[in-house]
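my questions concern the predicted model and sequence given below.
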Amino acid sequence: MKRLIPIFLLLAFLGGCAHIPLHRETEKLVRTKTADYNPYALSSFIDGVYADLSQDYQGAALNYSEALAWDSTSATIYAALGQDYLRIGRVRTGLKLVNKAVLLEPENPRYREILVSTYEQLGNFKAAIYHEQILVKLRPTDLSEHYHLASLYLITKKNEEADAEFNKIYGLSGKTPQTLRRIADFYLQAKKYKKVIQIYQELIQHQPDKEGNYLNLGDIYEISGDTTRAVQFLEKTLTEHPSFAKVRQMLSDLYMNQSQWNKALALWQAVKDEDPKDIQPYLHIAELYLAEGDTARSIDSYRQIQTNFPDNWQPYYNLGRIYLEKKNFEAAITNFEKAVRINKRVPDSWLLLGLAYLQKQDNSSGEKTFARALKVFPNDPRINFYYGAVLNQNKKYKEAVAPLQKVLQRNPNYVDGLRELAFAYSNLKEYDKAEETCLKALKVNPKNLSVILILASVYDEEKKYDKVDQLYEKALQIDPDNPVVLNNYAYSLATRGKELSRALQMAEKALAKEPENGAYLDTLGWLYYKMADYKQALKFVKASTEKREPSGEVLEHLGDIYSKMGNTKKARFYWKKALEKDKTNERLLQKLAGGRA
């Protein structure tokens, strides 16, 4: 029984994973007791198969070499050994061995497949074509072989040979339209536009009512740089086939690209006049006004569409987009809310509604909107991402984890999702998870400043200051004038009382870029505190509280400054206010008990 398992695996492996055929030589190796085979060659060959399965290609090559020592007539062994030499980069030897297999079994197509693939990768198209031509003879009805040979002819600019091969393919396939389209794709990849145009002209003759052929031919004219001919062709097509809606859209787009607004408007006006109950031409006309730069007329058009089609979500959605771009958030929200009431199954309406609330600085309503959207689209990655992000902004870090994890289940390398998840873990003081998540993100994008700053803050909390400094220095190399990097690094140095002069320069540089930033004012004030200039410290930290709602940390800074200035009453007042924001802060409790910073 012990020997049966390897032989079974050998058969399965040779039939698939190794891409080596189970032909005559293999049959010799696995015959019954009465067969004439060398058991040592078989044993070494099986060991090679096991090594290949483990991706130990050097070990496999060694075993196949031993097998050849016992049986030098087996094409299968030569091919297996040659393929492993190719895998480990010993190309010359690998090719020699596979060619030996071909000499032993010249009609075995699988060995030639290895040669074609290898020669093609090496750019030796002459050799690849030689073996592919033989493959075509060995498999005369296999269309994939003919296609491969034709593509090799195209690559080597053997255009007549390619044409002849494609004609064979067309005949073998029964002259189907699908074959013609596939042949056109090959010519298109080779940028043989005249040939592609000829094929689609032929397809249109065979299938005059198939709109896709006209669209493709219009595309080819445009790709080849002949936009004028594309327009003329589509105009003629639309005259002959006025029901071709996609052709009309394509022609309209071409008119728009050429700023021929009147022609584009005339296209849709004609459709509107023909069927006033169809909303689509009205929408196209309103969008054309917007593209032309006449925003006011576009808005009027969308309002009229809302009046004529009150139960259609599209004019509300489109008008919401315009107002959002104009930063008229109230009007944008009104229209998006109407759009989702009419049709809740449009994820973009929910997404833009939530973003409108966020841009309006109404994070609470933004959070509620994304929560509502997730009831309709629980697995939408964009909605989950923004929901997690706004939960972070609203300091609901624990709740933010689940939607962000859902985003990353679909796309584990989404750096923005990793950043937000790391931010949540950091604020939950789950520093190991935060570090792991940041490192994943930096593996994808090593220069992402947001992730670098989060990781630096994690190491700061863990007092891994060497790593903190390394990260900030890296960030400065990436963007030496970034105010967030300058401020955060300066504050980190300030808290440690390290390189205060340099930290002061960085803090001043950050504040010069954003003079109204409360966080930057506090950093500068805290540096003056560390340098025992309490008057300046008080000036900047108090200014910080006037620019934004002070955090517990900033209030604690005020208390510490007043303590150093000998004003115990004010010091205790601000420490108590800080404690209201951070009720478990042991440092504050100690200060209140002792009365000094």
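Structure's in. What do you need?

work out which residue lies at the spatial centre of this structure.
The centroid of the chain falls nearest to Tyr414 when counting by Cα atoms, centre = their mean (7.2 Å).

right, and that residue touches Leu404 too?
No. The criterion here is Cβ atoms under 8 Å, and Tyr414 misses it with Leu404 at 9.5 Å. Bear in mind the C-beta positions are built from the backbone N, C-alpha and C, glycine included.

next, show the common contact partners of the two.
Here Tyr414 and Leu404 share the contacting residues Phe385, scored by Cβ atoms under 8 Å, 6 or more residues apart in numbering.

just want the phi and psi numbers for the residue nearest to the centre of the chain.
Here is the backbone geometry of Tyr414 (degrees, to the nearest 10): phi -80, psi 110.

now it: how far from Lys440?
10 Å (Cβ to Cβ, to the nearest Å).

now Gly94
37 Å.

okay, the two: which has more neighbours?
Gly94 (22 against 17; other Cβ atoms under 10 Å).

what mean pLDDT does stretch 203-219 have?
Mean pLDDT, stretch 203-219: 96.

now for that stretch, what's the gap between its first and last residues?
Distance across stretch 203-219, first residue to last, is 15 Å (Cα to Cα, to the nearest Å).

ok, stretch 233-250 next?
OK, stretch 233-250 end separation, Cα to Cα: 11 Å.

and it, how far out from the chain's middle?
35 Å (Cα atoms, centre = their mean, to the nearest Å).

what sits up against it?
Residues contacting stretch 233-250 (Cβ under 8 Å, 6+ apart): 209, 211, 214-215, 217-218, 221, 251, 254, 267-268, 271, 284.

dump those to TSV, plus distance to Glu461 and secondary structure.
Converted to TSV, these look like this (distance: Cβ to Cβ, whole Å; DSSP: H, G, I helix; E, B strand; the rest coil):
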residue	distance to Glu461	secondary structure
Asp209	69	coil
Glu211	62	helix
Tyr214	64	helix
Leu215	58	helix
Leu217	63	helix
Gly218	60	helix
Tyr221	62	helix
Leu251	61	helix
Leu254	58	helix
Leu267	62	helix
Trp268	60	helix
Val271	63	helix
His284	56	helix
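
which of the residues you listed has the most neighbours?
Busiest of the contacts of stretch 233-250 [other Cβ under 10 Å] is Tyr214, holding 26 neighbours.

contacts only, for it.
Going by Cβ under 8 Å, 6+ apart, Tyr214 touches 204, 233-234, 237, 241, 244, 247.

can I have the buried ones of those as a ChimeraX selection?
The buried residues among the contacts of Tyr214 can be selected in ChimeraX (16 or more other Cβ atoms under 10 Å) with this line:
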select :204,233,234,237,244,247
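
can I get the contacts of Tyr214 in JSON lines including secondary structure and distance to Asp311?
JSON lines is the format used below for these (DSSP: H, G, I helix; E, B strand; the rest coil; distance: Cβ to Cβ, whole Å):
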{"residue": "Ile204", "secondary structure": "helix", "distance to Asp311": "40"}
{"residue": "Phe233", "secondary structure": "helix", "distance to Asp311": "38"}
{"residue": "Leu234", "secondary structure": "helix", "distance to Asp311": "33"}
{"residue": "Thr237", "secondary structure": "helix", "distance to Asp311": "34"}
{"residue": "His241", "secondary structure": "coil", "distance to Asp311": "31"}
{"residue": "Phe244", "secondary structure": "coil", "distance to Asp311": "28"}
{"residue": "Val247", "secondary structure": "helix", "distance to Asp311": "29"}
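
where does this protein dip in pLDDT?
1-37, 595-597 (pLDDT under 70).

repeat that for 50
1-35 (pLDDT under 50).
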